[in-house]
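Peer 1: Structure for this input, please:
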Amino acid sequence: MSRSKLIHRCSECGASHLRWAGRCGACGAWNCLVEESEVIGGSDAPPAPSWERPSLLADVDAGSFAPCLTGLAELDRVLAGGLVPGSVTLLGGEPGIGKSTLLLQALANIAASGGRTLLVSAEESPHQVRLRAERLGALGAGLWLVSETSLAGALAAIAEVGPDVVVVDSIQTVADPELGAAPGSVTQVRECACRLVRVAKATSPAGPAVVLVGHVTKDGSLAGPRVLEHVVDTVLSFEGERHHALRLVRATKHRFGPTGELGLFEMTGSGLVGVSDPSALLLGDRRPGAAGAVVVPAMEGQRPLLVEVQALVSRTNAAMPRRSAQGLDGGRVALLLAVLQRHAQVSLGSHDVFASAVGGVRVVEPAADLAVALALVSAVSGRAIGSDLVAFGEVGLGGEVRQVAQVGRRLGEAARLGFRRAVVPASSPEGPPGMELVRVAGVVEALDRLALGGEWARWPVPAEQFS
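Peer 2: Sure thing, here's the model as predicted:
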C-alpha cells in the first residue's frame, strides 16, 4: 500500500530534505527548497537490472546519427548541422518570445522534406496550434499533433506515430500522476524529462530527436532542477527584447558541436525569418554624427556583429545618481566610470548615466569596454565621434587598453560595411586594406587621439558641470 509524505526538494540539485532550511545541504544553494509530496511504500517491484555488452569504439556505427536539417539555416548553424537522432534538446526562453513559433516552423520543414514529426502540445489546444500553423504556412503531411499533459499519453503517442522528431511544449506542464506531485514541481520535471530521455536513447539504432521546451525564471535561468540541464544533450537559449523584432538563439551546452555559434531571426507577421546580414540590420537606423554613439565590432562565437553603443549623461540633484545599462554589463559600466574619473579626470558623480547596446542584443564581452568609454565621454562633452569609425578593446583598472581575440574578423566585418577607421589596442595586428588603425595604449591616449581630451573649458558644455 503506497502513501505519501511531505518533503522539501532542492530546485538546483534535486536533493530531498525532511524540513525546510534556508540553504541546501547538498549543493549549498540558498532559498531553493520547495515543498512537495513524495510517494513511498509502493508495492511495485523494481525492474530487473539490464546492461549492454561492451564493444570497441572503432566498431560503433555513427552513420545513423547524421544530423537532420530543420530547414532554418540560423538554427542549423547553432546546432552544428541540425537535430541528431536520439538526442534531447532543451529550448528555454521568456514567455511570448517565439519558442513555439520557432519549433512549429522547424517541424513543418522537416515534415515537408519527408520526415515524421510529432508535436506534444501540453499548453495549447489543437485549435490554437492549427491557427498558428495556418498563419505560418506550416500545414502539411507528416506533421502530427497531440494535446496531452499526461506523460503516459505522450509516450503512447510517440510509440504510435514513430516520429523522427518530437517536440514537447512544455516539459513543466507534463506530469506523471503516479508521482503524486504537482505539475512543474522538481520531482515531476526531473522524472518526466528522464523518461523522455530514455525514449530517445533506448530505441535502436537511433531514437527520435526530442526537443523539450522549458520555462525560465525571472532572472532568465531555466526553471526546474539543475539536473534537467545535465540529462539533455543540448541546451538552447532563445532571447530577444519583447519590443524588438530581433531574436537570438544560443547554445549553452551542445554535445554534438561547438557552443559559440549564434543564430539570428527577425519576428515577422508570417513567422521567424533568418537574418543573413545582422550587422546591416542592427545599423540600419543609425544616425551618423550623433554625440554619445560608437560602433563596436562584437563577436558572438565565430560571427562578428557591428553594434552601436550609446550613452546619455544628464546632470541630477539626486543624492544617488542613476546608473542604467541596457544590453551591457552593468558592472563593467561602473568600472569604466571609475577608470574615467581616476585616469581621465572625467567625474560623473553628480550625473545620471545611461548606456545601451542598440537593437535588442546583449554585448557583455570586455572587448566593448573602449567603445563604451568613448561613448560616455562623447556624451558628456557633446562632441561626436566620426561616423566611419569603430572601436574595441578591453580596459584595465590602470586605464590601459588590452588586446582582444579575433581582431581580423572584427576589422573585416567593419571594412565590409564601409568603416575606414578603427581605434584598437596598440598590440593589434594589421587590418584589411583601406582600414586605418588608431593604435592606443590607454583610455587617455584614445581620448586625445579623437580630440575628446584636453581642457574641459574648451568643450561646448560649461566646464563647471564636470567638477
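Peer 1: Please report the number of neighbouring residues for Ala293.
Peer 2: 23 (other C-beta atoms under 10 Å). All C-beta atoms are positioned from the backbone trio N, CA, C, and that covers glycine.
Peer 1: what's the distance between it and Val129?
Peer 2: 43 Å (C-beta to C-beta, to the nearest Å).
Peer 1: Quick check: the nearest residue to Arg116 once chain neighbours are set aside vs Val199, distance?
Peer 2: Of all residues not flanking Arg116 in the chain, Pro163 sits nearest, at 4.6 Å (C-beta to C-beta, 6 or more residues apart in numbering). Note on Pro163: its distance to Val199, by C-beta to C-beta, is 11 Å.
Peer 1: Looking at those two, which has the bigger crowd around it?
Peer 2: When neighbours are counted by other C-beta under 10 Å, Pro163 and Val199 differ, and Pro163 comes out ahead with 25 against 18.
Peer 1: Would you mind giving the secondary structure of the more buried one?
Peer 2: Recorded secondary structure, Pro163: coil (DSSP: H, G, I helix; E, B strand; the rest coil).
Peer 1: doesn't Leu118 make contact with it?
Peer 2: Yes: the criterion here is C-beta atoms under 8 Å, and Pro163 meets it with Leu118 at 4.0 Å.
Peer 1: what's the overlap in contacts for those two?
Peer 2: Trp144, Pro208 (C-beta atoms under 8 Å, 6 or more residues apart in numbering).
Peer 1: next helix or strand past the lengthiest strand in the chain?
Peer 2: Ranked by residue count, the top strand of the chain under DSSP state E comes out as strand 303-315. For strand 303-315, the following helix or strand on the C-terminal side (DSSP states H and E) is strand 323-326.
Peer 1: Just list what that following strand packs against, helices and strands only.
Peer 2: helix 330-343, strand 351-357 (3 or more C-beta pairs under 8 Å, 6 or more residues apart in numbering; DSSP states H and E).
Peer 1: So which of the ones you listed is the most surrounded?
Peer 2: Of all the helices and strands packed on strand 323-326, strand 351-357 carries the top mean neighbour count, a mean of 21, counting by mean count of other C-beta atoms under 10 Å.
Peer 1: Parallel or antiparallel, which strands does it pair with?
Peer 2: Here strand 351-357 has these sheet partners by DSSP bridges: strand 303-315 (antiparallel), strand 323-326 (parallel).
Peer 1: Can you check what pLDDT the model gives Asp59?
Peer 2: You'll see Asp59 listed with a pLDDT of 80.
Peer 1: again with the one 4 residues further on
Peer 2: Confidence per residue is given as pLDDT, and for Gly63 that number is 64.
Peer 1: Report the contact partners of the closest residue to Ala405 other than its chain neighbours.
Peer 2: Distances taken as C-beta to C-beta, 6+ apart place Met299 nearest to Ala405, at 7.1 Å, with adjacent residues excluded. Residues in contact with Met299 (C-beta under 8 Å, 6+ apart) are Leu305, Glu365, Ala367, Ala405, Gln406, Arg409, Arg410.
Peer 1: I'd like to know how many residues surround Lys253.
Peer 2: Residues near Lys253, counting by other C-beta under 10 Å: 15.
Peer 1: Over to the one 4 residues further on?
Peer 2: By other C-beta under 10 Å, 16 other residues sit near Gly257.
Peer 1: Could you do Ala415 as well?
Peer 2: Counted by other C-beta under 10 Å, the residues lying close to Ala415 total 18.
Peer 1: Break down the stretch 1-150 of the chain into its helices, ranges please.
Peer 2: 73-78, 99-112, 126-136 (DSSP state H, counting those that start in this stretch).
Peer 1: Comparing those helices, which stretch has the densest surroundings?
Peer 2: It is helix 99-112: most buried of the helices of the stretch 1-150 of the chain by mean count of other C-beta under 10 Å, with a mean of 23.
Peer 1: Which of the three states applies to Glu266?
Peer 2: Per three-state DSSP, Glu266 ends up strand.
Peer 1: From Glu134, how far out is it?
Peer 2: From Glu266 to Glu134 the distance is 21 Å (C-beta to C-beta).
Peer 1: Point me to the helix or strand that includes Val249.
Peer 2: Per DSSP H and E: strand 246-254 holds Val249.
Peer 1: now the angle between helix 99-112 and that strand, please.
Peer 2: 80 degrees (axes from the mean of the first three to the mean of the last three C-alpha atoms, to 10 degrees).
Peer 1: Packing partners of strand 246-254?
Peer 2: helix 73-78, strand 234-239, strand 262-268, helix 278-282.
Peer 1: Return the alpha-carbon coordinates of the longest one using CSV.
Peer 2: What follows is strand 262-268 as a C-alpha-only set of coordinates in CSV (Å, rounded to 0.1, in the frame of the first residue of the first chain):
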residue,chain,number,x,y,z
LEU,A,262,24.8,32.4,-32.7
GLY,A,263,21.6,32.3,-34.8
LEU,A,264,19.6,35.4,-35.5
PHE,A,265,15.9,35.7,-36.6
GLU,A,266,13.6,38.5,-37.2
MET,A,267,10.0,38.1,-36.0
THR,A,268,7.6,39.0,-38.8
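Peer 1: switch to numbering from 13
Peer 2: Got it, the first residue is 13 from now on, which makes the last one we talked about strand 274-280.
Peer 1: and that strand, how far from the chain's centre?
Peer 2: In terms of C-alpha atoms, centre = their mean, to the nearest Å, the centre of strand 274-280 is set 12 Å apart from its chain centre.
Peer 1: ditto for stretch 243-262
Peer 2: 5 Å.
Peer 1: If you count neighbours, what's buried in that stretch?
Peer 2: Neighbour-count burial for stretch 243-262, counted by 16 or more other C-beta atoms under 10 Å, picks out 243-253, 257-262.
Peer 1: Quick one: end-to-end length of stretch 224-243, please.
Peer 2: From its first residue to its last, stretch 224-243 covers 12 Å (C-alpha to C-alpha, to the nearest Å).
Peer 1: And for stretch 361-373?
Peer 2: By C-alpha to C-alpha, the extent of stretch 361-373 from end to end equals 28 Å.
Peer 1: Quick check: mean pLDDT of that stretch?
Peer 2: 91.
Peer 1: cool, and stretch 163-177?
Peer 2: 94.
Peer 1: As CSV, could you dump the C-alpha coordinates of that stretch?
Peer 2: Provided in CSV are the C-alpha atoms of stretch 163-177 (Å, rounded to 0.1, in the frame of the first residue of the first chain):
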residue,chain,number,x,y,z
LEU,A,163,3.3,11.6,-19.6
ALA,A,164,1.8,8.2,-20.3
GLY,A,165,-0.4,9.7,-23.0
ALA,A,166,2.7,11.5,-24.6
LEU,A,167,4.7,8.3,-24.6
ALA,A,168,1.8,6.4,-26.1
ALA,A,169,1.6,9.0,-28.9
ILE,A,170,5.3,8.7,-29.6
ALA,A,171,5.0,4.9,-29.8
GLU,A,172,2.1,5.1,-32.2
VAL,A,173,3.4,7.7,-34.6
GLY,A,174,7.0,6.6,-34.6
PRO,A,175,8.3,10.1,-35.3
ASP,A,176,11.8,11.3,-36.3
VAL,A,177,11.5,14.5,-34.3
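Peer 1: Lovely, talk soon.
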